[in-house]
Each structure stands twice: as structure tokens, then as C-alpha cells.
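A.B. asks: Sharing a model that was predicted from the sequence below.
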Amino acid sequence: MTTSSVPPPSSPTLSTTQLETLAGLGEERTAEVGDVLFRVGDATYPFIVIVEGEVAIVDAVGNEIIRHGSGRFLGELNLLSGQTVFLTAVVTAPTRYIAIDREVLRSLLFEDGPLSDMLLATFISRREALQQVQGIGIEVFGPHSSEATMRMVEYLRANRLPFSWHDTDRCTDPAATALDEGLLDADSLPLVRLPGGIELYAPTTGQVHRALGIGRELEPREEVDLLVVGAGPAGLGAAVYGASEGLDTLIVDSGSIGGQAGSSRRIENYLGFPAGISGNELTSRAVTQARKFDARLATPYRALSLEPGNGRHVVRLEDDREVAARAVLLATGAQYRRLPVEGLPDYEGITVFYAAGPVEGQLCGASRVAVVGGGNSAGQAAVWLARGGALVTLLHRRADLHETMSEYLVRDLHRYGVLVRDRSYEIAGCVRGTVGTREQTRRFLDALQEIW
């Protein structure tokens, strides 16, 4: 095995008390060197706590990511969400371990606050580490010029799923060769290869979501007490309140769980978290809490229309689904605007992004970056990128940033050396390379120069 370049994921050690608690909930098992506890492509796996021994976590081609020893545990976010397994666990020393059913683990997270906090934080940290390396998770094949391909890439990025995108205009993968030879036409794009080797041609985001085992597939008609449209903090909060009062509650969202807040690197003015919390962790906690009260989540389903009725209101969704609800709560949040810059679509997903997560932070490190916007999300993104080594300029339209941004973020911008440009035209990008024609590149950089 070779060693992966993935940043070392979080690997805390359980206390004696926590080990005793977990031992009472699972089944003790043994494994010999070379045994596989779970592998890439598996639909599910138990929560595994190592009592004695050692287990290596490797990717699909055998690159070792990390080894776990006594007192440590395996797994990442897919253990809670039900996603297809992205990695393989191989025993490297005679091992005695505890296997706990996933549903039992979920119930424990509702009852044991300290353990829940540690597991959630670790799972999130491990997922973020996986997002920063090529070759783990889902593979997407298709050219940048394909709208369907870029829609899939943006969906995977927004949902924080490990993936690799192969721009078939620029790579030598067999899938790219097939496109060049005309074996795959535009109607077959993108080609999405799931962990385990399953290939989907021109799938919708919903089909990929459910093929990964994440999303609930709705019946053609559902009847509920409360339908919440939107799965950001407001929608998830409403679902928790409704479900905790005994209402049959369904949440639908057309994109990613957590909404815009889910992509925030650090939220410091949210009640109850004086040290701050990442948007990912905040929404992960909210989802766990909603599931505690049996609220159901179904994504991605876009709501198309609302028809008020006497007693029940009907919301029609894409994919020929409809939901009849006694009450409908709309928490649709915000949608990012595209900037009026010629040639901008040629750069989206490559050097122009609409969030600043681990992947974007890695791409933009030590580069000149423009962040557009004067709200808290823009401030959080600018601080995150600056802390990662980028040279950041924040561009906003107003005369004073204090009009739209929280004071603590304004202070952080100065603290981390972010240059703030008031009264700026709208343009953004992490300019690290060029795409498209030379003329497109020249126009794009000229537009940047006008306001830099």
C-alpha cells in the first residue's frame, strides 16, 4: 500500500466510560489480519469501536489514509446519513472490536450529549478531509461546456460529497476517449461513476442522491400534517418544532441540506455557540435533532407550485410527485445571483465559486482571490480563505461595510489582512488558471483589472 496525501483525519480516543457504554449496545467480534470490515461501494456498515488491534482505512486503489488503534472508532458522515461507503477498512493486526447497528448509534446520539458532540465533530472533520483529495467518492465525466455536467458538479460540491470531476475536453480517461470517439453523445452526459463501479448516464441529481442511499424517494402522492419547503436552518427549525409536537412532518429541498448557512465556515453570532460553529456542524446537528422527532427529509425535490385547498394544500414537486399537507411552511431562503460579466460561465466550477469550503480553500491557497458581497456569508468566506493563505480582496457595492455585515466579521477582515474595496462593481473569482479561448481569458482578466 502507498500512503495517501489526504490531510490526517480526526482520530480521537474514547474514554473508558464511553467504551463501556458502547460495549453494552453492540456485539463484540474478532477479526484477523487481512479481513475487510467494510469496503468501497457497500450500502451500509456498523459503527465499529476497536477494543484491541489495528485497522487501516484505504481508498479504492489501496492508498492508505489512516490507521486506527485501540480505543478509536471508524466511520464518517455516511454512517449517519446512509450514503454509500467511500472507503475500505482492512485489519492490519489481530483485532477485537464492538459492532453497533447504525440505528442504535443514532438513538445514542440523541441521549448522550458529550459523545454525540465528539462523534459529529469527528465525522464532519473526516468528511472534509476526504473532500480535499482526488480519487475518493464519486467520479463525474463530462466537459465544462455541458450544462448538465456542471449542474451535477455544483450539486455534489454543495452537498459536501467527495468527488472527482474529469473534464473530458482535457483528460485522457477512457470515458473521455469514448466521448471523443462518439460512443457517448451529449444526451448521455454526464457519466457518473458511483463508489463500487456503478455507472449512471445523464442522471438527475435526485437519481444520484437516491442511488447513493441518501435521499428518501417519495411516493407519487404523500399526505402529511406539515410540509416544510426548504432545509436551511429556518426550515429545519420549523420541522423540529412541528415534529416534536407530534405532527407528521416532511421537509423537501431542491438542493443541499443546510442551505446557504451550511456552506459557512464559521458562524459566531448564533445563539448557544459562544465559541462559534461551522455551518456544516450546525446543520448536521439540526438534521439529527429533526430525525430524533421522526421528521422526514426528502431531497432533492424542487417545489413547482402551491394550490391552496380546504383542509389540505397541494404542493406539486418535480418528478411528478405531489404532497398534500394540512399546513405548508415556506423557508426557501436565498439563491445566489450570477454576476453580469461576459464569459463568467466558462469559469464557474473551475476558478469561480459560490461557496468557500475545504475544496475551494485548497484551490485558492496562496492565490489572489476576489470575494464579492457585503453580507456575513461573504465575510465568513473571505476570512476562511485568508486564513488558508490566499490574498483576499472583498468587493462590495456600498460605501460602508458596516451597513450589511456584523461587526465581529468586519474586525476579523482586518485581523486577517483582507483588503476591502467599497463601491465596487460585481465580479468574483479565484484566478489560478485559464479556460476557454485566449480572447475569453483576456476579457475576463480585463474586467477584473477594472475594479482591482
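C.D. replies: Structure received.
A.B. asks: how many neighbours does Asn269 have?
C.D. replies: A count of nearby residues for Asn269, using other C-beta atoms under 10 Å, gives 12. The C-beta positions use only the backbone N, C-alpha and C, and glycine is treated the same way.
A.B. asks: My error: substitute Pro308 in the last question.
C.D. replies: 8.
A.B. asks: now swap in Leu37 and tell me
C.D. replies: By other C-beta under 10 Å, 21 other residues sit near Leu37.
A.B. asks: Quick one: low-confidence residue ranges for the chain.
C.D. replies: Low-confidence regions of the chain, defined by pLDDT under 70, span residues 1-10, 171-184, 425-452.
A.B. asks: what's the next secondary structure element after the top helix by length along the chain?
C.D. replies: Counting by DSSP state H, the longest helix found in the chain is helix 113-130. As assigned by DSSP states H and E, the chain's next helix or strand after helix 113-130 is strand 138-141.
A.B. asks: Which other helices and strands does that next one contact?
C.D. replies: helix 147-158, strand 163-166, helix 174-180, strand 191-193 (3 or more C-beta pairs under 8 Å, 6 or more residues apart in numbering; DSSP states H and E).
A.B. asks: gap between the two ends of stretch 78-86?
C.D. replies: 8 Å (C-alpha to C-alpha, to the nearest Å).
A.B. asks: residues contacting the residue nearest the centre of the chain?
C.D. replies: The structure's the chain has its C-alpha centroid closest to Arg160; by C-alpha atoms, centre = their mean the separation is 1.7 Å. Neighbour list for Arg160: Leu77, Arg127, Glu128, Gln131, Ser256, Gly262, Asn280, Gly357 [criterion: C-beta atoms under 8 Å, 6 or more residues apart in numbering].
A.B. asks: what about 10 Å?
C.D. replies: 77, 124, 127-128, 130-131, 256-258, 262-263, 280, 283-284, 355, 357-359 (C-beta atoms under 10 Å, 6 or more residues apart in numbering).
A.B. asks: Check which residues of the longest helix of the chain are buried.
C.D. replies: Within helix 113-130, the residues that count as buried by 16 or more other C-beta atoms under 10 Å are 115-116, 118-130.
A.B. asks: Any idea how far that helix is from the middle of the chain?
C.D. replies: 14 Å (C-alpha atoms, centre = their mean, to the nearest Å).
A.B. asks: That helix packs against which elements?
C.D. replies: On a contact count with 3 or more C-beta pairs under 10 Å, 6 or more residues apart in numbering; DSSP states H and E, helix 113-130 meets helix 16-23, strand 64-68, helix 78-81, helix 102-111, helix 279-292, helix 358-364.
A.B. asks: Packing partners of the fourth one?
C.D. replies: Read it as helix 102-111. Using 3+ C-beta pairs under 10 Å, 6+ apart: helix 102-111 touches helix 16-23, strand 47-58, helix 78-81, helix 113-130, helix 279-292.
A.B. asks: so which of these gets nearest Ile98?
C.D. replies: Checking the helices and strands packed on helix 102-111 against Ile98 by C-beta to C-beta gives strand 47-58 as the closest, at 4.4 Å.
A.B. asks: Could you export that closest one as CSV, CA atoms only?
C.D. replies: Taking C-alpha atoms only, strand 47-58 is exported to CSV below (Å, rounded to 0.1, in the frame of the first residue of the first chain):
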residue,chain,number,x,y,z
PHE,A,47,-20.3,1.7,13.9
ILE,A,48,-17.0,0.0,14.8
VAL,A,49,-15.1,0.6,18.0
ILE,A,50,-11.7,-1.0,18.3
VAL,A,51,-11.1,-2.6,21.7
GLU,A,52,-7.7,-4.2,20.7
GLY,A,53,-5.8,-4.3,17.4
GLU,A,54,-5.4,-2.1,14.4
VAL,A,55,-7.4,-1.2,11.3
ALA,A,56,-6.2,0.7,8.2
ILE,A,57,-8.5,2.9,6.2
VAL,A,58,-7.7,2.8,2.4
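A.B. asks: and the angle for that strand with helix 16-23?
C.D. replies: With axes from the mean of the first three to the mean of the last three C-alpha atoms, to 10 degrees defining the directions, strand 47-58 sits at 100 degrees from helix 16-23.
A.B. asks: What is strand 47-58 packed up against?
C.D. replies: With contacts defined as 3+ C-beta pairs under 10 Å, 6+ apart, the packing partners of strand 47-58 are helix 16-23, strand 27-31, strand 36-38, strand 64-68, helix 78-81, strand 88-100, helix 102-111.
A.B. asks: and of these, who's closest to Ala382?
C.D. replies: Ala382 lies closest, by C-beta to C-beta, to one member of the helices and strands packed on strand 47-58: helix 78-81, at 29.8 Å.
A.B. asks: what's the spacing between the closest one and its chain's center?
C.D. replies: Distance, stretch centre to chain centre, for helix 78-81: 12 Å (C-alpha atoms, centre = their mean).
A.B. asks: Stretch 275-289 now?
C.D. replies: Distance of stretch 275-289 from its chain centroid, counting by C-alpha atoms, centre = their mean, is 12 Å.
A.B. asks: Which positions in it come out as buried?
C.D. replies: Taking 16+ other C-beta under 10 Å as the criterion, stretch 275-289 shows Ile277, Ser278, Gly279, Asn280, Glu281, Leu282, Thr283, Ser284, Arg285, Ala286, Val287, Gln289 as buried.
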